[in-house]
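[1] Here is a sequence together with a model predicted from it:
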Amino acid sequence: MADYFVHKQKLENQKAAEAEGKVADSLDVRLALMERVNSGEITLADAQAELKRVKRGAKKAGQITRAAAYRR
């Protein structure tokens with residue numbers, strides 16, 4: 001049962017980091033990419049490549065990834 005509470009706390013920490021703008025590949029960024037895919041502006045492969053580029057540049061921009069925020 002403790003694992004559930006640890007997971008819940010990590011998700012809350014992740015959401016807090018996103019709200020503070022510390023996360024480069026936040027849910028908002030991911031949703032914006034999917035909106036562009038759904039509108040036909042870019043392909044799914046283009047969106048995946050863009051997300052990888054954002055994640056790679058996170059450290060240079062002084063931000064972290066969602067995975068890193070979850071691990072904190």
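    Cool, got the structure.

[2] C-alpha from now on. contacts and neighbour counts both.
    Will do.

[3] Mind checking what helix or strand follows the longest helix along the chain in sequence?
    In the chain, assigned by DSSP state H, the helix with the most residues is helix 2-19. Counting by DSSP states H and E, the element after helix 2-19 in chain order, helix or strand, is helix 27-39.

[4] Now that following helix: buried residues?
    Across helix 27-39, burial judged by 16 or more other Cα atoms under 10 Å covers 33-34, 37.

[5] can you give me the angle the very next helix or strand once past it makes with helix 27-39?
    As assigned by DSSP H and E, the chain's next helix or strand after helix 27-39 is helix 44-56. The directions of helix 44-56 and helix 27-39 differ by 160 degrees, with axes from the mean of the first three to the mean of the last three Cα atoms, to 10 degrees as the criterion.

[6] And helix 44-56, what does it pack against?
    The contact analysis (3 or more Cα pairs under 8 Å, 6 or more residues apart in numbering; DSSP states H and E) places helix 44-56 against helix 27-39.
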